[in-house]
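[1] What follows is a protein structure lacking sequence information:
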């Protein structure tokens, strides 16, 4: 019973006006919770102790790791939306994966840039071609390719369907990124937070890291809803402009 | 299905098909490398397998955008979409024809380029074998890109950008298998078998994705 209720709620959102109303209601809440979490997370990140080996540079982790997680989660959200586009023809799914592509590219860029800044003092080099770095760089290229494909087509719904296919095919990269540090012996360290035998990271670092991770996730969802709202508005304006042009042509 | 295969093959081999141009491009890319890194034979023989692989990858990309576009221009794509065979099968046959027309010539031309690169017989054989196994994967991945960009007027460059990231695993394992055959400590079979696995994986995923994209790209 509750499941069918959830499905009805979800398909109600196919009406963009309902979605806009919902977005207007929850956006202030999401934005303020994100801001509070960022305040706590950043305070903790700057006040906890530095690592005995890495010193102050360990604080880069509080930006780098959440951004890297988000870069993968964003692609997963896009893949789920792509399924929504192809299977249920849900109109919001089109908007969702189009809006998420640029966000994902931004988070991946943050992860790459902070990782590079961290790598210079720790590994002595800005960049190494190991499996984790290369596969994240490939992910970045895929985001840019998807943005380019979306921009190359005029018809938004066809662009959405076609890029949904590409998103699903490109999803093979996500497990490769996740497990690259376990499959290959790389310079990048293996997973130390999410693992079966509990985190191997000290609670001193774990606390700010987790809060920053939640803050980043909420930031992503806030920006995502905002980007979807903007995309719906943009399409409405485009449709009205087309209508106005048609009317003007009829009068002339 | 056989007639479709033959038709595509004829189209790719005859004038304007672009199969020969791919091989020419392959040779040009490989021939340019010594000018860039210098004619040091030891260095060339060391990087040879990698250079031949990269050349093959680039020239495989070259012909991809024409895979479905020519059919779309003369309207035969619509006929292919309407016939009662499953579209996945049609796409698979088209991929095979495309590989026979564009991929196989690259494999056949690779030993010659291996000689240019001062590679020994074992390295040439290994590179040729890995190319034979790996280039179908490039065609299958490329079919998705070609199908996605079929409706775009200038999709050629976009196809390359979309396809290259997905083709990187093929390049990695192709090159590492070629090196493993020459250098003693690394075993040849594991990377080679992974390459085979990648090809088979994309032989399934590629046509399915391409068929889905073609169905949705129709206007």
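    Yes, it's here. Please read these numbers as outputs of a predicted model, since none were measured by experiment. Residues are numbered from 1 along each chain as shown, chains lettered A, B, ... in the order given.
[2] what's the next secondary structure element after the least confident helix or strand in chain A by mean pLDDT?
    Lowest on mean pLDDT, DSSP states H and E among the helices and strands of chain A sits helix A:2-12, with a mean of 61. Reading on from helix A:2-12 to the C-terminus, the next helix or strand found by DSSP states H and E is helix A:16-47.
[3] Show me which residues of that next one are buried.
    Neighbour-count burial for helix A:16-47, counted by 16 or more other CB atoms under 10 Å in any protein chain shown, picks out A:16, A:19, A:23, A:30-31, A:34, A:37-38, A:41-42, A:44-45. Where C-beta positions appear, they are placed from N, C-alpha and C, glycine not excepted.
[4] next one: stretch B:118-138
    B:118-119, B:123-124, B:126-131, B:133-138.
[5] From those residues, pick the one nearest chain A.
    residue B:137 (12.1 Å; CB to the nearest CB).
[6] Can you give me the pLDDT of that closest one?
    Note for residue B:137: predicted pLDDT of 90.
[7] Contact partners for it?
    By CB atoms under 8 Å, 6 or more residues apart in numbering or on different chains, residue B:137 lies in contact with B:167, B:170, B:195, B:198-199, B:202-203.
[8] Distance to chain A added to the residues you listed, as CSV?
    Below are these laid out as CSV (distance: CB to the nearest CB, whole Å):
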residue, distance to chain A
B:167, 10
B:170, 12
B:195, 15
B:198, 10
B:199, 14
B:202, 9
B:203, 13
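[9] excluding its backbone neighbours, what's nearest residue A:33?
    residue A:218 (6.0 Å; CB to CB, 6 or more residues apart in numbering or on different chains).
[10] contacting residues around the one you found?
    Residue A:218 sits next to A:30, A:33-34, A:37 when contact means CB under 8 Å, 6+ apart.
[11] and if you look at residue A:107?
    A:67, A:70-71, A:74, A:216, A:220 are the contacts of residue A:107 under CB under 8 Å, 6+ apart.
[12] Spell out which residues of chain B are next to chain A.
    Within reach of chain A by CB under 8 Å from any CB of the partner chain, chain B has these residues: B:141, B:144-145, B:147-149, B:151-152, B:155, B:158, B:161-162, B:164-166, B:168-169, B:205-206, B:209, B:212-213, B:216-217, B:219.
[13] Where helices are concerned, which of those count?
    Taking DSSP state H as the definition of helices, the residues of chain B next to chain A contribute B:141, B:144-145, B:147-148, B:158, B:161-162, B:164-166, B:168-169, B:205-206, B:209, B:212-213, B:216-217.
[14] What's the PyMOL line that selects buried ones from the residues you listed?
    Buried members of these, identified by 16+ other CB under 10 Å, are gathered into one PyMOL selection as follows:
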select buried, chain B and resi 141+144+145+147+148+158+161+162+164+165+166+168+169+205+206+209+212+213+216+217
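[15] Residues touching stretch A:60-80, excluding its own?
    A:41, A:45, A:96-97, A:100-101, A:103-104, A:107-108, A:110-111, A:114-115, A:117-118, A:136, A:139-140, A:143, A:167-168, A:170-171, A:173-174, A:177-178, A:193, A:205, A:208-209, A:212-213, A:215-217, A:220, A:224.
[16] change it to 7 Å
    For stretch A:60-80, the surrounding residues in contact (CB atoms under 7 Å, 6 or more residues apart in numbering or on different chains) are A:45, A:97, A:100-101, A:103-104, A:107-108, A:110-111, A:114-115, A:117-118, A:136, A:139, A:167-168, A:171, A:174, A:177-178, A:208-209, A:212-213, A:216-217, A:220.
[17] Just the closest of the contacts of residue A:218 to chain B, please.
    Nearest to chain B among the contacts of residue A:218, with distances taken as CB to the nearest CB, is residue A:34, at 31.1 Å.
[18] Not counting sequence-adjacent ones, nearest residue to that closest one?
    Among residues not flanking residue A:34 along the chain, residue A:218 sits closest, at 4.3 Å (CB to CB, 6+ apart).
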